[in-house]
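need a structure here:
(one chain, ligands or ions: 1)
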Amino acid sequence: MATGKVDVSRRCNYYSPSGRARDRRQHEVSQRNRHYIPSNAIEHQKFPEGREQLHHEKKRKFSPIIWDREDNQAKKTPRYGEEEAKVVPEKRVVPASIISAIVKSQSEPSSDVSDGCFSKSPASKQLGPGSKLLVMSPQKHDQKEDVEHSVVEDGELVQERNLLMSRWASEDESPWDKSVPDEDEMFELKDGSGTSTESGEFRIGRPDHWPGSSGEFDGSCESQKVAKHAGLTECPATYDDSGDYLNQSDSRSDEESSEIEESWSSSQGRVSMLNSCRSVFEFERLNRISEGTYGVVFRAKEKKTGEIVALKKVKMSTAYPELGFPLSALREINILLSINHPSIVTVKEVVMDDHDNVFMVMEYMEHDLKGLVEMRKRPFSTSEIKCLMLQLLDGVKYLHDNWVLHRDLKTSNLLVNNKGELKICDLGLSRHYGSPLKPCTPVVVTMWYRAPELLLDAKEYSTAIDMWSVGCIMAELLANEPLFKGSNEPNQLDKIFRTLGTPNEKIWPGFSKLPGTAKAKFVKHPYNNLRKKFPATSFTGSTVLSESGFDLLNQLLTYDPEKRITADEALNHAWFQEVPLPTCKELMPTFPPRHAAAGL
Ligand SMILES: Nc1ncnc2c1ncn2[C@@H]1O[C@H](COP(=O)(O)OP(=O)(O)OP(=O)(O)O)[C@@H](O)[C@H]1O
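Just a heads-up that it's a prediction; the model follows:
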C-alpha cells in the first residue's frame, strides 16, 4: 500500500464477523453480572443485506442547523425585543428574573467568551459573510418531505432556501457518495482567496512548510484565520503546556470550505424542520466548568424540571465576527445531534440567547478523565481501567462504524460520571471519512495523542489515528500520567521513537515516503522499551500489565496504521476476558463533583 494510505475497507465493516466471538464473550461476562457489559451487546441486529448494523443507528437525530449562505448579507440579525420580534419564537420570551440579571450584567463589561452566558454581549453576533444560521430543536423532521419553507425575517416572509437535514439521515454507506466536492474544491475557500499548495492542500501549523509571512501576522488563531482568508500562509503551531494544539481553529478551518460545500451539495435532502429552539433563559446558570478553544462550558439547571445539564456556548470570534459561525461547532452539533450511543455525550438540544449566541445543551457529566488522572495519586485498578477502556472502545467503534473520525481523542475529552459511565465529547475536530480516502489536514489531534503518521504529515489517514490516541489513553490510565509529553512535533516524535524504537521500512512499509521523513534525520533507537514502562510485575504497588494487556497496548501503539488494531478487534481482545475482569460500571469509584471540589 502506498505511503500513508490506509485500507479503509478493512476498518469500515458495519459489524465484523469477529462480533460473534464478542457476543460469546459478552454473554459469559454478563453471566457474572458484576462485570461490565458493553452497551451494544444486545442491540445489534441483522439487516436485510446480511449486514449487521447497530441498533443505535435507528435512533439518529436530525441536525437543527440550517445554512442559508446566499441570504442577504446585509440583513440585520433579529434581536430580541426589536421590531423583528416576530422572528423570535414565543419560546424565547425572557423571564423577568433573567431580564433583571441581564440589566445587571449590561452595566458590567462583558466579553462573550468569559462571561457571556445569559448576559447581553456588547454587540450583536453576526453569523458570517452571507450566511445565516438558524438553529432549531430537532424534534420535527421528516426525511421524505422536501418542501421549501418560509420564515419571517425583517418582518417579511422570505423563502427558506437551505433547510438541510443531517447527512446522518442518509442510508448510504459512504459519506462521499454524493455530496463531496473534489479535492481541489476541498481546499479552496469559497472566495477563492485561500492559499494552497500544489496539491491543493492548505498548509497550516508547519513552520518549515511556509513561504514568506506577513509582518503584520501576530500568530493568534484569529489572525491566522484572517491571514489564511487573505492568502497569507505563516501559521506556526503553538502548544500549551499540556500539549494542546492552540492553533486548532486553523486546522479545523482549512476544511471549512469542503464541509460547507458538502452541506450545500447535500441540500437535496431538505426536510421540514422549521421549528424554533428554546431560549437559554429557561436554564439557570450555576457555574462555569471549563473554557476550551471553541466554547465555554457551564453547569446549569433547567428551571422547569430542575435537571442539571451542561451548556456549551459556542465561541464566536469577537475580533473578526465576519468569520462567522465556527465550522467546528457546526460539525459538533451536527454529529452529536445525529448520533445516539451511551459512550458518546448526548446533546439534548440547541438553545439561543437573544443575541443569537448558540448553546449546546448536553447531559451533565461530573468529571473528565484528565481531571481524575490528575486528582488521583494512584492509577485506577486494572479492572477499572478495563471498564473504562471497554466503554471508550465501544464509543470509538460506533463512530468508526458510522464513518466518523473523532480526531481529538484525549483524556480531557472523555467525560465520566458518578455512575461509572464514560462518554466521549468534543467532536469539534471530527469529520466524516470515506472510501477512497481524501486528503485531510494532518494537523489534528492534540499533540500528545497524535499518531506518528500525522506527525509525519500523512495526508491520507483513517480510523487508525483514533486508535493510536486510544493507546495513549490506555497508557495514561495505567501509569496515571500521559505517555508521550512532547513539547513540539519533533520532540513528540523523538519521545515516541525513544520508547517504541525508530520505525523503518521493514516494520512500517511506506514510512520513508511520508512527507515528514524527508525533512528530518531521526536518531535510530533500535529497541522497543515500552515493556519497561509497563512491567508485568511490580514491587511498588503500581499497576502491572499482563502479557495480554501489553499485547493490546502494543497493538494500539503500532507504527504502521495498516497493522494497528481496530476498535472492533480491540473490544474482542483477550485482555478483557482474563482476570481481573472488567468492573461493572456501578462498582466504579465515585469522586466529589468538580464544582464541589472548587467550592462552587
Ligand atoms: N457534558 C459535559 N458535562 C460536563 N463537563 C463537560 C461537558 N462537556 C464538556 N465538559 C467540560 O468542558 C471541557 C471542554 O469541553 P470541550 O472539549 O467540548 O470544549 P472545547 O472548546 O472543544 O475544548 P478543547 O479546546 O479542549 O478542545 C471538557 O474537557 C470537560 O471538562
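
hey, let's count contacts and neighbours off CA atoms from now on
Fine.

What is the burial count for the closest residue to Met352 other than its chain neighbours?
Spatial nearest neighbour of Met352, excluding adjacent residues (Cα to Cα, 6 or more residues apart in numbering): Val358 at 4.7 Å. For Val358, the neighbour count with other Cα atoms under 10 Å is 26.

Please apply the same query to Phe539.
Count around Phe539 with other Cα under 10 Å applied: 6.

Let's see the pLDDT reported for the closest residue to Pro526 other than its chain neighbours.
Excluding the flanking residues, the one nearest Pro526 by Cα to Cα, 6+ apart is Gly501, at 5.2 Å. What the model reports as pLDDT for Gly501 is 97.

what do you get for Pro64?
For Pro64, pLDDT reads 39.

contacting residues around Phe522?
Going by Cα atoms under 8 Å, 6 or more residues apart in numbering, Phe522 touches 494, 502.

so how far is the ligand from it?
30 Å (Cα to the nearest ligand atom, to the nearest Å).

With Ala458 instead?
22 Å.

try Ile385
Separation of Ile385 from the ligand (Cα to the nearest ligand atom): 19 Å.

Burial check on that residue, number of neighbours?
Neighbours of Ile385 (other Cα under 10 Å): 18.

how about the nearest residue to it, chain neighbours excluded?
Leu477 (6.6 Å).

Now do the buried residues in the strand or helix carrying Asp551.
Here Asp551 sits within helix 547-556, counting by DSSP states H and E. Across helix 547-556, burial judged by 16 or more other Cα atoms under 10 Å covers 549-556.

Would you mind giving those residues as a markdown table with distance to Leu399 added?
Output for the buried residues of helix 547-556, formatted as a markdown table (distance: Cα to Cα, whole Å):
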| residue | distance to Leu399 |
| --- | --- |
| Gly549 | 24 |
| Phe550 | 25 |
| Asp551 | 24 |
| Leu552 | 20 |
| Leu553 | 21 |
| Asn554 | 22 |
| Gln555 | 20 |
| Leu556 | 17 |
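
for those residues, which one is nearest the ligand?
Leu556 (22.7 Å; Cα to the nearest ligand atom).

Quick check on the closest residue to the closest one other than its chain neighbours: phi, psi?
Spatial nearest neighbour of Leu556, excluding adjacent residues (Cα to Cα, 6+ apart): Gly471 at 4.8 Å. Per-residue torsions, Gly471: phi -60, psi -40 (degrees, to the nearest 10).

One more: Asp368?
According to degrees, to the nearest 10, Asp368 has phi -120, psi 160.

Tell me the first helix or strand C-terminal of the longest helix belonging to the chain.
Determined from DSSP state H, the single longest helix within the chain is helix 382-401. Remark: after helix 382-401, the chain's next helix or strand is strand 404-405, criterion DSSP H and E.

need the next SSE after that next one, C-terminal direction.
Using DSSP H and E, the first helix or strand after strand 404-405 is strand 414-416.

Buried residues of that following strand, list them for me.
Buried-residue list, strand 414-416, by 16+ other Cα under 10 Å: 414-416.

residues in this structure within reach of the ligand, list them.
Counting by Cα under 6 Å from any ligand atom, the residues of the chain close to the ligand are 289-295, 297, 310, 362-366, 368, 412-413, 425-426, 428.

Of those residues, which belong to strands?
289-291, 295, 297, 310, 362-363, 368 (DSSP state E).

out of those, who has the most neighbours?
Busiest of those [other Cα under 10 Å] is Ala310, holding 25 neighbours.

Lowest pLDDT pick from the ones in strands among the residues of the chain next to the ligand?
Gly295 (79).

pLDDT below threshold where in the stretch 301-450 of the chain?
317-323, 434-445 (pLDDT under 70).

again with the stretch 151-300 of the chain
Where the stretch 151-300 of the chain drops to pLDDT under 70, the residues are 151-276.

Mind doing that once more with 90?
Across the stretch 151-300 of the chain, the ranges flagged by pLDDT under 90 are 151-277, 290-295.

Torsion angles phi and psi at Asn334?
According to degrees, to the nearest 10, Asn334 has phi -60, psi -50.

For it, give its distance to the ligand.
14 Å.

thinking again about what came up before, quick one, phi psi at the residue nearest to Met352?
phi -110, psi 140.

pretty sure the residue nearest to Pro526 contacts Val523?
No. Look at Gly501 against Val523 with Cα atoms under 8 Å: they stay out of range, at 9.6 Å.

These two: who's more crowded?
Gly501 (19 against 11).

Identify the residues contacting that one.
Applying Cα under 8 Å, 6+ apart, the residues near Gly501 are 524-529.

and if you look at Pro589?
Contacts of Pro589 by Cα under 8 Å, 6+ apart are 418, 420.

how near is it to the ligand?
On the measure of Cα to the nearest ligand atom, Pro589 and the ligand end up 18 Å apart.

That residue in helix, strand or coil?
Assigned state for Pro589: coil (three-state reduction, DSSP: H, G, I helix; E, B strand; the rest coil).

Could you number the chain from 47 rather than 1 from now on?
In the new count, where the first residue is 47, that last one comes out as Pro635.

and Leu539, how many residues sit next to it?
22.

Can you check my assumption that it lies in a helix?
Yes. Looking at Leu539 with three-state DSSP, it is inside a helix.

Give me the distance between it and the ligand.
22 Å.

now Thr583
Counting by Cα to the nearest ligand atom, the gap from Thr583 to the ligand is 33 Å.

just Glu593 next, same as before
32 Å.

From what I see, that residue and Phe580 are in contact.
No. Assessed by Cα under 8 Å, Glu593 is found out of contact with Phe580, at 10.2 Å.

The residue nearest to Val393 when sequence neighbours are not counted pairs with what?
Nearest non-adjacent residue to Val393, counting by Cα to Cα, 6+ apart: Met408, 4.3 Å away. Note on Met408: beta-bridge partners Ala356, Val393, judged by DSSP bridges.

Kindly check the end-to-end length of stretch 613-624 for me.
18 Å (Cα to Cα, to the nearest Å).

Let me fix that, I meant to ask about stretch 624-638.
31 Å.

Now do that stretch, average pLDDT.
95.

One more: stretch 498-508?
91.

Report the backbone C-alpha coordinates of the helix holding Asp597 in CSV.
Only the C-alpha atoms of helix 593-602 are listed here, as CSV (Å, rounded to 0.1, in the frame of the first residue of the first chain):
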residue,chain,number,x,y,z
GLU,A,593,1.2,-10.2,28.7
SER,A,594,-2.2,-9.9,27.2
GLY,A,595,-2.7,-6.3,28.3
PHE,A,596,0.7,-5.4,27.0
ASP,A,597,-0.2,-7.1,23.7
LEU,A,598,-3.2,-4.8,23.4
LEU,A,599,-1.2,-1.7,24.3
ASN,A,600,1.4,-2.7,21.7
GLN,A,601,-1.2,-3.3,19.0
LEU,A,602,-2.7,0.1,19.7
